[in-house]
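J.: next come a sequence and a model predicted from it.
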Amino acid sequence: MTNLQIRHAQRSEFPIRTAGGVLGCPRWAACPRSTGWGGASAGKSLQPAAEASTQEKTLGNAAQMLMLPDMRAQRKTTIPAALILAGSLVIANQSHAQVVNGNFSSGNTGFTSGYGFAASSDPGGGHFTIGTNPHTWNSFLSSFGDHTTGSGQMYIADGSSTANLQLWNESLSVATNTDYTFSFYAASCGNDNNNGIDPSPATLVVKANGTQIGTTLHVSATNGTWTQFTGTFNSGALTSIPLVITDSNLQGGVGNDFAIDDITVTATPEPGSAGLVLCGAGVLSFRRRRQGAGSAR
């Protein structure tokens, strides 16, 4: 190899690497030049040893979108951009709170309930099941599908006359001093009058660490009409927060039958989105400084 070829190889090799390969030329992409990585030659695609992780793809794709001009020129703007991107991914991971089985696709698991579980038929108020159609659990309930796909599972309940009885409860791991948004969907299903209208719709209350968040959700009386609840809370110094849903309607006879589905918790705003905005701003600022320094020469 000549001295000119050695210098070209040194310039074309990115200075920052990840576990999956060189940043800016991830292992699932074609490299515009020789990178010194795996002996690939110019213009050839690198064949992955294994499927890249979601984080690697996010990092590589964002670097390509935000720094394509500099990547083609093999400039070292990849260094600050990579650091910002890596930082945003770390923040996103630390802030992420994951509801287990929020769409109930795994059945009666991942949460606790003060309601009694009745798998095949409804014995009366204060019971619930996980199913695909309220009508198959109780013939006095309306027939409709879940919120997620229309054919998946949901939480179906016959409301209780006991005050403050928890119908859904889960403790989530959270990052300290972080804002979160809690969300779910609810629909009435009581069809006692055979007209598709629940005579006494549920009124659902959500509490985070014992404090109510959002406003009480008055579920639509029209059966099968999904209504969204959203409420925000701050984790403060806590690293784990119990989230509880209760029904403040204590009608335990006619009506007060409902379903809930698609329970989620997300950091507010999404840390990944904020990180990408920060990344873009950092790259532009760095490029301006480089261009200014070049003009001054």
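T.: Looks like it arrived, so ask away.
J.: quick one, helices of the stretch 151-297 of the chain?
T.: Assigned by DSSP state H, counting those that start in this stretch, the helices in the stretch 151-297 of the chain fall at 271-296.
J.: so what pLDDT did Gly253 get?
T.: We have a pLDDT of 81 for Gly253.
J.: can you tell me how far it sits from Pro201?
T.: 14 Å (Cβ to Cβ, to the nearest Å). For the C-beta atoms, the positions are set from N, CA and C on the backbone; glycine is no exception.
J.: those two: who's more crowded?
T.: Remark: of Gly253 and Pro201, Pro201 carries more neighbours, 28 against 13, as counted by other Cβ atoms under 10 Å.
J.: surely the more buried one and Gln251 touch.
T.: No - assessed by Cβ atoms under 8 Å, Pro201 is found out of contact with Gln251, at 9.3 Å.
J.: quick check: neighbours shared by these two?
T.: The contact sets of Pro201 and Gln251 do not overlap (Cβ atoms under 8 Å, 6 or more residues apart in numbering).
J.: output the below-cut-off pLDDT ranges for the stretch 51-200 of the chain.
T.: 51-96 (pLDDT under 70).
J.: quick one, strands of the stretch 151-297 of the chain?
T.: Applying DSSP state E, counting those that start in this stretch to the stretch 151-297 of the chain gives strands spanning 154-158, 166-173, 179-188, 203-208, 211-218, 227-234, 240-247, 257-267.
J.: buried ones in the first one?
T.: Spelled out, that is strand 154-158. Residues Met154, Tyr155, Ile156, Ala157, Asp158 are the ones in strand 154-158 that count as buried (16 or more other Cβ atoms under 10 Å).
J.: swap in the second one?
T.: Of the residues in strand 166-173, those scored as buried under the neighbour-count criterion (16+ other Cβ under 10 Å) are Gln166, Leu167, Trp168, Glu170, Leu172.
J.: against which helices or strands is that strand packed?
T.: strand 154-158, strand 240-247, strand 257-267 (3 or more Cβ pairs under 8 Å, 6 or more residues apart in numbering; DSSP states H and E).
J.: could you do the third one as well?
T.: Counting by 3+ Cβ pairs under 8 Å, 6+ apart, the packing neighbours recorded for strand 179-188 are strand 203-208, strand 211-218, strand 227-234, strand 257-267.
J.: average pLDDT across the first one?
T.: Mean pLDDT, taken over the full extent of strand 203-208, equals 98.
J.: strand 227-234 and that strand, what's the angle between them?
T.: Calculated by axes from the mean of the first three to the mean of the last three Cα atoms, to 10 degrees, strand 203-208 forms an angle of 20 degrees with strand 227-234.
J.: ok, the longest one next?
T.: Angular relation of strand 257-267 and strand 227-234 on a 0 to 180 degree scale: 40 degrees, by the same axes, to 10 degrees.
J.: surely Gly252 touches Ala157?
T.: No - contact criterion Cβ under 8 Å: Gly252 and Ala157 do not qualify, at 11.4 Å.
J.: how many other residues sit next to the nearest residue to Val254 once chain neighbours are set aside?
T.: Counting by Cβ to Cβ, 6 or more residues apart in numbering, Val254 lies nearest to Asp192, which is 4.9 Å off, once chain neighbours are set aside. The tally of other residues near Asp192 (other Cβ under 10 Å) stands at 15.
J.: circling back to that earlier point, got JSON lines for the helices and strands packed on strand 166-173, with distance to Asn223 too?
T.: Converted to JSON lines, those look like this (distance: least, Cβ to Cβ, whole Å):
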{"stretch": "strand 154-158", "distance to Asn223": "12"}
{"stretch": "strand 240-247", "distance to Asn223": "16"}
{"stretch": "strand 257-267", "distance to Asn223": "9"}
